[in-house]
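J.: predicted model and sequence below, questions to follow.
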Amino acid sequence: MDFPSVERAVKVYRECASAPSLSSASLQKTGDSVFSVHSTWSQRDLERECNIKYRQTHIVTLDSNGQIGDVIDPGTNTELNSEQLVRWSPSGKLKAVLRKIKDKKGDEKQYLEVWNNIAKIHNINLTALDKHGKVYEDGEFGCLEWSSCESQLLYVAEKKQPKAVSYFDKSKEGGSEENPETDAKKKDPEVKGDQFVHRQDWGELLVGKHSPVPCILNLQTGQVTIPEGLPNDVSVGQAIWTPDDSGIVFTGWENEPYRLGLIYCRNRRSAIYHLDLSSQTCNTISITGQSVRSPVFSPDASKLIYIQNSCHGPHMQCAQLIVYHWESKETKVTVDIVQRPTEGRPFPGLYVGRFEQQCWLDNETILVSTAWRSSQTIIAINICTGEVTRLTNGPDFGSWMFCDIKQRLILACRSSPTRSAQLVVGVIPQEGDISCINWKPLHESSVILSDVIWSVITLKPKTEQGSDIDFETIILKPKANSGSQEKKLPLIVWAHGGPHSVFSTGYLLLPGLFCQLGFVIACVNYRGSIGFGQASIDSLPGFVGTHDVKDVQAAAEAVIEQGLVDRERVAVSGGSHGGFLSTHMIGQYPDFYKACITRNPVTNLADKLFCGDIPDLTMTEAGMDFDFKIAPSAEMYAKMFNCSPMAHIDKVRAPTLLMLGSDDLRVPPQQGIRYHEMLKARGVKTRLLMYPDNSHPINKVDAEADCFMNMYTWITEHL
Ligand SMILES: CSCC[C@H](NC(C)=O)C(=O)N[C@@H](C)C(=O)N[C@@H](CO)C(=O)O
């Protein structure tokens, strides 16, 4: 087949990869019926080979009826690469900024700044204060919270460790003759012999993050204090003030007996704590033996909500919404786990990482984004009744992310497989159906794939077990060819990772790129994906390598049956568990797939058990209960090997391209290297690309672009 040229592929990549992705967006009331929208975006810069960050501001006015009036784009795009966290104060008059700057010697320093509407009014060099290590800015632990009196800032940072010195460091022998006592007092505590003690961190994408503690900056004094009374052996994150600033509430993850990788894993044992700053007493609010996260107070401070799910089993699960009445301490499950959604009760349950801090429409209603089958949608939850109302469900945009709410003005971000991110505002009706929102865009999507159409098909599994659980596939096809029969197109079948994650009908860069270049794409949300009920998730552990494989195959055959695709030119792709599946497909259906492209694939669960940062996933997905002291039996190893792609290596014929991140702690590169070597030893065509300084996602701008071009040339060479 004459595929588009490499030059065309480069051009298409430059266009599609230029789409900015939203990092954060907030509303500020700047006058009667006047609001400013501040949004922070991340965009690939292929020339500078980095992701640039920039801020955009829009002005939104409400008319006399309280509906959206004007939307003004002052065109103020400002690049801001040193900002790590930004948080507006409750009054909206001040803005706190955590900034990372390299000094003249190239050393990184972190500053906490406070700006008013005229200038910077506070500037604290946190590094120089030396009260703690690096401030956390990540999505798991990070936080930056104003006290209600706007005189203090709360954040989390690495706990300061005693200085480790050598037994043989002469400068440490005894104090000075003049003042042996004062010298000893003046210095920070030092420990001999600890220079090389292994300090375990929280794994993939959280390297060097060991023991975060809450830190309080007093803006009047410029001093930072670490509260006393913290629980031992707990990593603190997501800290917020109690409504009267008398204490803090935070999520604490257990460090013992050892940490397991935290990112992409919402099943780590944790608790919600309340620390009273004056009495230094710390109590747990949540029940023990769970995985909890994202504490948020109601506007009237009467209620605290947080998310809860089991700390055993799958890494992503359907969660509960818990309401904790602050005064009475009464705790209530206000939204429970959904096992099987039905036509009558289609709500599939809650699949939420963290609430937005401003998620309250009023003291009884919260707004949250959650997976709803193959869509990301915004729902309103009445936390007294548990009633769920879906606010977004139109045919044009499949992915909606809630950003902020002020009074009844809601800010959201939406996209689809053919349209990149677009900020929209709307007014939630005071009366009647709150889902009747007239959304108004603040700008046009920067990328619109006008020659691609997308759809979602629902499939019933063919296997006897779990057959009452359906699954979905997102299909992208070139518009030019959508109805015609004369030219059959090549197909790429894509499996997502996780395995408990999901393809959402939002902007999908790689599928959109390949569709632009003449391929039909099938993104398979196989059984076990989130957003379809807990029963679907629970149906996969113990059946990885069979149920997920059969669902991917069923999706491929369903697309072929639609008549658009040349069944002799089918390729398979996927990363991580998606790589597990793509290497399974070429082993179990060796004549069906003519090429395989895979990123950081899991190829041997048995081998993976003792490498990588989440050994528990290996056992869970192989259908075994994980225990921190586990020493697997020979039978357990056999079971993990037999459900792995390596068990099918002798049948593989498809030319296979592997792309590995050298720093990947989630799926260590050895998994891909060994699979590559096994193929070479069997004379199967294979190519391995190793990306230095890249980890599990391989998302450094140069590496990502190189991956795409190698994927394109590999597939076009072999289809
Ligand atoms: C033993 S690691 C199993 C694979 C891994 N699972 C977790 C819980 O990390 C995995 O599949 N990770 C996915 C989050 C993943 O990489 N998914 C994406 C890429 O980010 C994908 O390509 O689907």
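T.: Okay, I see it.

J.: what helix or strand is Val456 located in?
T.: strand 452-459 (DSSP states H and E).

J.: equivalent analysis for Glu7, please.
T.: Applying DSSP H and E, one finds Glu7 within helix 6-17.

J.: one step back: what residues does the helix or strand just after the strand holding Val456 touch?
T.: As assigned by DSSP H and E, the chain's next helix or strand after strand 452-459 is strand 471-478. Residues from elsewhere that reach strand 471-478, judged by C-beta atoms under 8 Å, 6 or more residues apart in numbering: 373-374, 417-418, 451-459, 461, 489, 503, 505, 508, 511-512, 515-516, 518-527, 529, 532, 536, 551, 555, 558-559, 564. Heads up, the C-betas are built off the backbone N, CA and C, glycines and all.

J.: what's the following helix or strand after the helix holding Glu7?
T.: strand 21-31.

J.: buried ones in the next helix or strand after that next one?
T.: Later in the chain than strand 21-31, the nearest helix or strand by DSSP H and E is strand 34-45. Neighbour-count burial for strand 34-45 flags Phe35, Ser36, Val37, His38, Ser39, Thr40, Trp41, Gln43, Arg44 (criterion: 16 or more other C-beta atoms under 10 Å).

J.: for Tyr691, see how far away the spatially most central residue of the chain is.
T.: In the chain, the residue lying closest to the centroid (C-alpha atoms, centre = their mean) is Tyr264, at 6.3 Å. The gap separating Tyr264 from Tyr691 is 19 Å, by C-beta to C-beta, to the nearest Å.

J.: what about the strands in the stretch 301-450 of the chain?
T.: Applying DSSP state E, counting those that start in this stretch to the stretch 301-450 of the chain gives strands spanning 303-310, 320-325, 331-335, 360-362, 365-372, 375-382, 388-390, 399-406, 409-416, 419-427, 440-441.

J.: could you dump these to CSV with distance to Asn117?
T.: Formatted as CSV, these follow (distance: least, C-beta to C-beta, whole Å):
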stretch, distance to Asn117
strand 303-310, 32
strand 320-325, 36
strand 331-335, 39
strand 360-362, 26
strand 365-372, 28
strand 375-382, 31
strand 388-390, 37
strand 399-406, 17
strand 409-416, 20
strand 419-427, 22
strand 440-441, 26
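
J.: element containing the closest residue to Gln195 other than its chain neighbours, please.
T.: Nearest non-adjacent residue to Gln195, counting by C-beta to C-beta, 6 or more residues apart in numbering: Ala164, 4.4 Å away. Using DSSP H and E, Ala164 maps to strand 163-165.

J.: could you give the average pLDDT over that strand?
T.: Average pLDDT, strand 163-165: 91.

J.: what packs against it?
T.: Secondary-structure packing of strand 163-165 (3 or more C-beta pairs under 8 Å, 6 or more residues apart in numbering; DSSP states H and E): strand 190-192.

J.: report all helices and strands that the helix or strand just after the strand it packs on contacts.
T.: Using DSSP H and E, the helix or strand that follows strand 190-192 in sequence is strand 212-218. Packing partners of strand 212-218 (3+ C-beta pairs under 8 Å, 6+ apart): strand 152-158, strand 223-225, strand 234-241, strand 247-254.

J.: tell me which of those strands sits nearest to the ligand.
T.: strand 247-254 (15.9 Å; C-beta to the nearest ligand atom).

J.: okay, now the sheet partners of the closest one, with direction.
T.: strand 234-241 (antiparallel), strand 270-276 (antiparallel) (DSSP bridges).

J.: ranking those strands by burial, who's on top?
T.: Comparing the strands paired with strand 247-254 by mean neighbour count (mean count of other C-beta atoms under 10 Å), strand 234-241 comes out on top with a mean of 24.

J.: now do it and strand 152-158, the angle between them.
T.: 160 degrees (axes from the mean of the first three to the mean of the last three C-alpha atoms, to 10 degrees).

J.: can you give me the offset of strand 234-241 from its chain's centre?
T.: Relative to its chain's centre, strand 234-241 lies at 19 Å (C-alpha atoms, centre = their mean, to the nearest Å).

J.: same check, this time on stretch 527-547
T.: On C-alpha atoms, centre = their mean, the centre of stretch 527-547 falls 20 Å from the chain's centre.

J.: got the end-to-end distance for that stretch?
T.: 7 Å (C-alpha to C-alpha, to the nearest Å).

J.: wait, does that stretch contact the ligand?
T.: No - Stretch 527-547 lies apart from the ligand when judged by C-beta under 6 Å from any ligand atom; the minimum separation is 9.6 Å.

J.: pretty sure Asp616 is touching Leu260, no?
T.: Yes - look at Asp616 against Leu260 with C-beta atoms under 8 Å: they come within range, at 5.7 Å.

J.: the two: which is more packed in?
T.: Higher neighbour count among Asp616 and Leu260: Asp616, with 23 against 20, using other C-beta atoms under 10 Å.

J.: what is the burial count for the residue in the stretch 51-200 of the chain positioned nearest to the ligand?
T.: Going by C-beta to the nearest ligand atom, the ligand is nearest to Glu140 of the stretch 51-200 of the chain, at 13.0 Å. When neighbours are counted by other C-beta under 10 Å, Glu140 registers 24.
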